[in-house]
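Student: Give me the fold of what follows.
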Amino acid sequence: MLRFIVIAGAFAASVTCAQADDTCTSRASAKKLAGAALTSFMTKCQKDAGATCDTTATGKKLAGAARTSFTKKCVSDAVGT
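Tutor: Below you'll find the predicted structure:
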């Protein structure tokens, strides 16, 4: 059982690190977007992140303040400030 917990923790850490490098901001920088293209890309990326985070919150059966807090942090992490 302990082995499973350690493996699951390592997997979660690797997923978190992978997501940190794949934010909307980092992808926009990699594409060297500016002006209207940057605005359009960031708007769409934030909208997509919101939908994904809402789906995840539903899967976790979150409601009320917990859902709002989770979604806000999830979108912020996905967009990258």
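
Student: Every contact and neighbour count from this point should use C-alpha atoms.
Tutor: OK.

Student: so who does the nearest residue to Gly50 once chain neighbours are set aside touch?
Tutor: Spatially, and ignoring its direct neighbours in sequence, Gly50 is nearest to Val75 (5.7 Å; CA to CA, 6 or more residues apart in numbering). With contacts taken as CA atoms under 8 Å, 6 or more residues apart in numbering, Val75 has the following neighbours: 46, 49-50, 53.

Student: For Val75, give me phi and psi.
Tutor: Note on Val75: its backbone torsions stand at phi -70, psi -40 [degrees, to the nearest 10].

Student: got it, and Leu33?
Tutor: phi -80, psi 150.

Student: Count residues in the vicinity of it, would you?
Tutor: Neighbouring residues of Leu33 were enumerated by other CA atoms under 10 Å; the total is 16.

Student: Got the confidence number for it?
Tutor: Leu33 carries a pLDDT value of 94.

Student: How about the one 4 residues further on?
Tutor: Per-residue confidence (pLDDT) for Ala37: 95.

Student: residues touching it, list them.
Tutor: Contact criterion CA under 8 Å, 6+ apart gives no residues in contact with Ala37.

Student: element containing it?
Tutor: Assessed by DSSP states H and E, Ala37 sits inside helix 35-59.

Student: chain center to that helix, what's the gap?
Tutor: A distance of 9 Å separates the centroid of the chain from that of helix 35-59, by CA atoms, centre = their mean, to the nearest Å.

Student: Can you mark which positions in it are buried?
Tutor: 38, 41-42, 45-46, 49-50, 52-54, 56-57 (16 or more other CA atoms under 10 Å).

Student: And Lys61, how close does it get to Phe70?
Tutor: Between Lys61 and Phe70 the computed distance is 11 Å (CA to CA, to the nearest Å).

Student: Tell me where the model's unsure across the chain.
Tutor: Scanning the chain for pLDDT under 70 picks out the ranges 1-21, 81.

Student: between the buried residues of helix 35-59, which is closest to Val79?
Tutor: Distance to Val79 across the buried residues of helix 35-59 (CA to CA) is lowest for Gln46, with 6.1 Å.

Student: Kindly tell me how buried the closest residue to the closest one other than its chain neighbours is, as a neighbour count.
Tutor: Closest residue to Gln46 apart from its sequence neighbours, by CA to CA, 6+ apart: Val79 at 6.1 Å. Burial measure for Val79: 23 neighbouring residues, criterion other CA under 10 Å.
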